[in-house]
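>>> predicted structure and sequence below. I'll ask about it afterward.
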Amino acid sequence: MLRFTWLCGLALSIAPALASAQAAPGGDPRYDALEAMLPAMIEAHQVGGVALTFIENGEIAWTQVHGEQSEGVPATEETLYGVASLTKPVVAEVILRLVSQGDMSLDEPIYEYWTDPNVRGDERREALTPRILLQHQGGFPNWRSAENGVLQFGFDPGADVRYSGEGYDYLVRFLERKFRRRFEVIAEEVLFDPIGIEDASLVYQPWFEGRRADRVRSDGSFFNFWSPTRPSGANGLSITTESYARFVLSVMRNEAVTEAAIAERANLSINQVEEYCGTGEDQTDVEPCPAFMGFGMGWFLYGFEDHTLYYHSGSNWGEKSYVLFSPELDMGLVVAVNGQNFEIIYEVIRVLYGNEDFLAFEQG
């Protein structure tokens, strides 16, 4: 069971071994190892391609891109990947920056601006706040499609944790009504433009054509990329791995946020160590267990012995992505695959991060 790989993604296509990357850093054995192993892994796992950007010493160290973005078209550093749930940390950071600017509060009632029609008659809607939804405590399912298309509470807001794409979509509808602009515009103004990110969008853009990575089935066959026309808080971001790494660096550097917002980013909703770590049937046996693990603001956090890891994964049918970073280690990693058979990502993480306890949780 993949404990924190929430949506699901696997599929990938046989591609010629082609790499487009920055100049190899002199003598970095990790760079050389990946350059040697990834082309063969792309073919073995039948994925289209893989792109990764590595952050070290608080800077982007290098990017590697291998394989194809579509059938017969080599991937490059300009290839845009659908990063699915990696959209959620972007939503959280937009909100933390709006809070830091004094434009909103993490604890303001959402119902004063937005109520989903499905829960209009439920008084529990009045308890929903940005904080509760950012930390997956709204009580909503991941997607309402699993409940006959009807959004409904599974528990009282704030009482428990359940990963929810619906909760992040709820947040976006709230933000659009509060600020009277579509969310993709808010994100550009508050986050992307100040960072200098020009090749990212939460909705389909004509300039995607010729740059967007097609998805790949488990048998290696390509099929069309997907991008929404209405912004979602849970899914839909298209971006290069290097641009997403620039976003991660901005978060690591605590740009445009107050000290209070920095603390909120690292504040857990509920410590889930006892739920996930141990010798039980549904647990992962890691010794010693992390000091903490659970949802912060847009990130899942692991409290390992000498560092905290901020992490998220993203998955749509035929595409998969991961992001992780640690302020204490001053490192980070963004990796994206267009393919359903995404196990190649774990080998990238093993080479560049190397924390087998983390991998045990992810693959356990």
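Okay, I see it.

>>> Ser313 touches Ser85, doesn't it?
Yes - at 6.5 Å, Ser313 counts as touching Ser85 under the criterion of Cβ atoms under 8 Å. Heads up, the C-betas are built off the backbone N, CA and C, glycines and all.

>>> in the protein, which residue sits furthest out from the middle?
Distance from the C-alpha centroid of the chain, by Cα atoms, centre = their mean, peaks at Gly121 (32.7 Å).

>>> and the gap between that residue and Ser145?
Going from Gly121 to Ser145 by Cβ to Cβ, to the nearest Å gives 21 Å.

>>> next one: Pro117
Distance from Pro117 to Ser145, by Cβ to Cβ: 16 Å.

>>> which residues touch Leu34?
Leu34 sits next to Leu52, Gln64, Val348, Val351, Leu352 when contact means Cβ atoms under 8 Å, 6 or more residues apart in numbering.

>>> please report which of the residues you listed has the highest neighbour count.
Highest neighbour count within the contacts of Leu34, by other Cβ atoms under 10 Å: Leu52, with 26 neighbours.

>>> how about that residue, secondary structure?
strand (DSSP: H, G, I helix; E, B strand; the rest coil).

>>> who's it bridged to?
Gln64, Val335 (DSSP bridges).

>>> looking at it, it is touching Gly332, isn't it?
No - Leu52 is beyond contact range of Gly332, at 11.0 Å (criterion: Cβ under 8 Å).

>>> what strand or helix carries Lys320?
strand 319-326 (DSSP states H and E).

>>> direction included, what does that strand pair up with?
Partners of strand 319-326, by DSSP bridges, with direction: strand 308-316 (antiparallel), strand 331-338 (antiparallel).

>>> what's in contact with whatever helix or strand comes next after the last one?
What it means is strand 331-338. As assigned by DSSP H and E, the chain's next helix or strand after strand 331-338 is helix 344-352. Identification of contacts with helix 344-352 by Cβ under 8 Å, 6+ apart yields 12, 30, 33-34, 37-38, 41-42, 45, 47, 50, 52, 54, 320-322, 324, 331, 333, 335, 337, 356, 358-359, 362-363.

>>> try it again with 6 Å
Outside helix 344-352, the residues that touch it by Cβ atoms under 6 Å, 6 or more residues apart in numbering are Arg30, Ala33, Leu34, Met41, His45, Val50, Leu52, Phe54, Tyr322, Leu333, Val335, Val337.

>>> over to stretch 234-242?
Contacts for stretch 234-242 (Cβ under 6 Å, 6+ apart): 51-53, 63, 80, 82-84, 87, 165, 168-169, 199-202, 227-228, 334, 336.

>>> out of those residues, list just those in strands.
Ala51, Leu52, Thr53, Thr63, Gly82, Ala200, Ser201, Val334, Ala336 (DSSP state E).

>>> give me the neighbour count for Gly236.
23.

>>> and it, how far from Ala127?
27 Å.

>>> with Glu59 instead?
According to Cβ to Cβ, Glu59 and Ala127 sit 43 Å apart.
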